[in-house]
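# Give the three-dimensional model of this entry:
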Amino acid sequence: MRRLITALATLAVLVGVVAVSAAADTHFPQATFDAQLSGENEVPAVDSDASGYATITLSEDGSSIDYRLYVNDLDNVVQAHIHVGAEGENGPVAAFLFGPADPPASSDGLLAEGTITEADLIPTAGTFDGTMAEFVELIRSGDTYVNVHTSANPDGEIRGQLALASFDFSASLAGANEVPPVATEGTGLATFSLNDSQTALDYTLITYGLEDAVQAHIHIGPADENGPVVVFLFGPEEGGVTRDGVLAQGTITEADLIPVAGVFDGTMATLIDHLRAGTAYVNVHTLANPAGEIRDQVEGLERGVAGATFTDDNGNTHEADIETIAAAGITRGCNPPDNDEYCPDDGFTRGQAAAFFNRGLNLKASATDAFVDDETSIFEDDINAIAAIGITLGCNPPTNDAFCPDDTTTRAQWASFMVRALGLTEGGDVDRFTDDDGNTHETDINRIAAAGITLGCNPPDNDQFCPDDTVTRAQAASFFVRALGW
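Next up is the predicted model:
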């Protein structure tokens, strides 16, 4: 039977979180799907201020589906379903999630949760045979959507296609996102990576241009509202900390969460729903701006089908990392305007490296023209941005008035770029590799090894770094994913 629980409360009201065994860890990344619901996704589009979020998890034996459905600012809800149909098409109902409700319900939070079994499925001749096996296949192929129907819009007011749920997240922090906005030179980036069993969340918090940071947290709330703290990322530091690069790293578990009555129940399941729904934000507080100086909503990185982003990296060792940086907007491809190729084996130029750092770290634009040899480079703005915070010093010491944007980047140079970008200081005195002794960048190579950004270049021994080898575009992807904690 389909268990149905309705709640006319805030997004945080969830009960009955089930513990997950370590043996089931690898099940969830390929079995958790979600949908962002809006009126513009309806066919035809509906003008509605309401929004929603749905998440479903397939059981390990494939016999049932657990679901949770949230709606915001939605009145007179009569029904909600999973339908069979591709994006942009309307299709028949395959399973009820809510209703029929008489009288209609109004909700701003959890509308329904429950479990669907094969007995709950509704076959449609020629479209869906009503078996759980076919239902799961339709979900995996992207041919199902969640639709919430109201009295005003009986065909559906908000809708969203089900797709693989995010396990990696980011937030690009800026003063303009504060409520009210804050004028600041500070910027930042927060990244999160959820473990396979969805019980722990690794995070990295990077900031630039901030003075006297005292605390940083995840808060619950939409983009235009302030909300309560639900977990600490940094601090409290009474006197404040001024540091460019990594401000804090760690792992969040349920024990770290802070319940807030009527808003957040303190469970990891609810926090994850907020992150995926876009109703959680990162806020960094300083002595000058104790309510927050830089902030942004957390957004999930889209998980596409392998090979769907680029056509030339299929089977590449670094393919998953290439897909991750593409989802994060760090790379756009290598063959504009199509950009359906990544050129994974090409050497990574210094200009391309500048663009990766600028996009990946959410750097502030610089009006200072740092070098004389990049005037015609499409990466000039990126180069100026990384020069402004000291990631690059130039390529012609001691003058260093040139950047050499078209030169390829060696692995040793990449190590120093990474160390300066992240402000790494640990591990420089531990000799990690046998082939970099006396290299100008040896200390930085040791530091990125200590930080887990490089594993070496000669697996399985990995006692060499190959400092003079050119960084390939594929290797650059993996360096970045490790550096940002995804």
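
# Grab the nearest non-local neighbour of Ala353.
Leaving aside its chain neighbours, Ala353 sits nearest to Thr409 (5.2 Å; criterion: C-beta to C-beta, 6 or more residues apart in numbering). C-beta: built from backbone N, CA, C; applies to glycine.

# doesn't Gly456 make contact with Ile445?
No: using C-beta atoms under 8 Å, Ile445 is not in contact with Gly456; the gap is 10.2 Å.

# Looking at the two, which is more packed in?
Ile445 (29 against 16; other C-beta atoms under 10 Å).

# where do the contact lists of Ile445 and Gly456 overlap?
Common contact partners of Ile445 and Gly456 (C-beta atoms under 8 Å, 6 or more residues apart in numbering): 432-433, 465.

# quick check: domain ranges of the chain?
3-164, 168-300, 319-484 (automatic domain parsing).

# Which of the ones you listed sits closest to Thr309?
domain 319-484 (4.8 Å; C-beta to C-beta).

# For that closest one, measure first residue to last.
Taking C-alpha to C-alpha, to the nearest Å as the measure, domain 319-484 stretches 17 Å from start to finish.

# and that domain, how far out from the chain's middle?
Remark: domain 319-484 is offset 21 Å from the chain centroid, using C-alpha atoms, centre = their mean, to the nearest Å.

# average pLDDT for it?
Taken as a whole, domain 319-484 has an average pLDDT of 96.

# before we move on, the earlier item: restricted to helices, list the shared contacts of Ile445 and Gly456.
The helices, defined by DSSP state H, take in nothing from these.

# closest to Asn396 among those residues?
For those, the residue nearest Asn396 by C-beta to C-beta is Phe465; the value is 24.4 Å.

# Relative to Ala402, how far out is the nearest residue to the closest one once chain neighbours are set aside?
Nearest residue to Phe465 in three dimensions, chain neighbours excluded: Phe433, at 4.2 Å (C-beta to C-beta, 6+ apart). Phe433 sits 29 Å away from Ala402, going by C-beta to C-beta, to the nearest Å.

# residue closest to the middle of the protein?
Phe169 (1.8 Å; C-alpha atoms, centre = their mean).

# so where do the helices sit in the stretch 201-350 of the chain?
For the stretch 201-350 of the chain, the helices defined by DSSP state H, counting those that start in this stretch occupy 268-277, 319-327, 350-361.

# my bad, should have said the stretch 1-150 of the chain
Remark: helices assigned in the stretch 1-150 of the chain by DSSP H, counting those that start in this stretch are 132-140.

# Enumerate every residue touching the nearest residue to Val372 once chain neighbours are set aside.
Nearest non-adjacent residue to Val372, counting by C-beta to C-beta, 6+ apart: Asp401, 5.2 Å away. Asp401 sits next to 371-372, 394 when contact means C-beta under 8 Å, 6+ apart.

# follow-up on the earlier one: redo the helices of the stretch 201-350 of the chain as JSON lines? Include distance to Pro259.
Shown next, in JSON lines, are these (distance: least, C-beta to C-beta, whole Å):
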{"stretch": "helix 268-277", "distance to Pro259": "9"}
{"stretch": "helix 319-327", "distance to Pro259": "32"}
{"stretch": "helix 350-361", "distance to Pro259": "33"}
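
# would you list those in CSV and tack on mean neighbour count and distance to Asn72?
Shown next, in CSV, are the helices of the stretch 201-350 of the chain (neighbours: other C-beta atoms under 10 Å; distance: least, C-beta to C-beta, whole Å):
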stretch, mean neighbour count, distance to Asn72
helix 268-277, 23, 9
helix 319-327, 21, 25
helix 350-361, 24, 31
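
# Tell me, how many residues neighbour the residue nearest to Asp155 when sequence neighbours are not counted?
The spatial neighbour of Asp155 that comes closest, neighbours along the chain excluded (C-beta to C-beta, 6+ apart), is His149 at 6.9 Å. Around His149 there are 24 other residues, counting by other C-beta under 10 Å.

# distance of His149 from Phe98?
9 Å.

# intersection of neighbour lists for those two?
Common neighbours of His149 and Phe98 are listed as 77, 79-80 (criterion: C-beta under 8 Å, 6+ apart).

# Of those, which is the nearest to Asp34?
Distance to Asp34, by C-beta to C-beta, is smallest for Ala80 among these, at 14.5 Å.

# I figured that closest one hits Ser107, correct?
No: using C-beta under 8 Å, Ala80 is not in contact with Ser107; the gap is 10.2 Å.

# out of those two, which sits in the busier spot?
Set Ala80 next to Ser107 and count neighbours by other C-beta under 10 Å: Ala80 wins out with 29 against 25.

# Count the neighbours of the nearest residue to that one once chain neighbours are set aside for me.
Leaving aside its chain neighbours, Ala80 sits nearest to Phe98 (3.9 Å; criterion: C-beta to C-beta, 6+ apart). Residues contacting Phe98 under the criterion other C-beta under 10 Å number 24.

# What of Gly188?
Residue neighbour count, defined by other C-beta under 10 Å, stands at 26 for Gly188.

# who touches it in this structure?
By C-beta under 8 Å, 6+ apart, the contact set of Gly188 is 172-174, 205-208, 210, 247, 284, 294, 362.

# So which of these are in strands?
Cross-referencing the contacts of Gly188 against strands under DSSP state E gives 172-174, 205-208, 247, 284, 294.

# neighbour-wise, which of the residues you listed leads?
Comparing these by number of neighbours (other C-beta under 10 Å), Ile294 comes first, having 32 neighbours.

# For the closest residue to that residue other than its chain neighbours, name its beta-bridge partners.
Leaving aside its chain neighbours, Ile294 sits nearest to Leu173 (3.9 Å; criterion: C-beta to C-beta, 6+ apart). Beta bridges link Leu173 to Gly188 when assigned by DSSP bridges.

# Now do the same for Leu173: its pLDDT.
98.

# Distance of it relative to Glu299?
According to C-beta to C-beta, Leu173 and Glu299 sit 12 Å apart.
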